[in-house]
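>>> Got a sequence here, can you model it:
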Amino acid sequence: MIFEDLKSAIDKQLIINLEYGGERLVEPYIIYETSKGKRLVDCYQLNGYSSSGIKTGWKRFDISLIRNIQFTSNVFEIRSEYNPDNSGRYYRILYKN
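Next up is the predicted model:
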């Protein structure tokens, strides 16, 4: 269910609240798999919990650790620095905007 909710939010460019160690407000961009098979999602975090103390910026989240997703009605614009096609960081892209 989390995977499908993330895909829907990416499609609709919806800002979501997700529970990942605490509540976070994020813009989801891309779902991918690491070379070890771990599924991650890259998001731009707007606000909320951060174990590093940095509340905003680009973050990657392990999908298996996301506990809940709530959709907002707010749509986001794709950030100019987002370019998944020029990055060697994605081993296998599963879903992207």
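>>> ranges for the strands of the protein?
14-19, 23-33, 39-48, 57-62, 68-75, 92-96 (DSSP state E).
>>> Mean pLDDT, distance to residue 8 and mean neighbour count added to these, as TSV?
C-beta here means a position set from N, CA and C on the backbone, and glycine is covered the same way. Output for the strands of the chain, formatted as TSV (pLDDT from 0 to 100; distance: least, Cβ to Cβ, whole Å; neighbours: other Cβ atoms under 10 Å):
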stretch	mean pLDDT	distance to residue 8	mean neighbour count
strand 14-19	98	8	19
strand 23-33	97	10	21
strand 39-48	96	13	19
strand 57-62	96	16	14
strand 68-75	98	8	12
strand 92-96	92	10	14
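>>> closest to residue 7 out of those strands?
strand 92-96 (5.2 Å; Cβ to Cβ).
>>> The closest one - contacts with which helices or strands?
Counting contacts by 3 or more Cβ pairs under 8 Å, 6 or more residues apart in numbering; DSSP states H and E, strand 92-96 packs against helix 2-12, strand 23-33.
>>> Please convert those to a markdown table, extending it with distance to residue 50.
Formatted as a markdown table, the helices and strands packed on strand 92-96 follow (distance: least, Cβ to Cβ, whole Å):
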| stretch | distance to residue 50 |
| --- | --- |
| helix 2-12 | 19 |
| strand 23-33 | 8 |
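>>> Looking at the ones you listed, which is nearest to residue 57?
strand 23-33 (10.5 Å).
>>> before we move on, back to that, any idea which of the strands of the chain gets closest to residue 5?
With respect to residue 5, and counting by Cβ to Cβ, the nearest of the strands of the chain is strand 68-75 at 4.5 Å.
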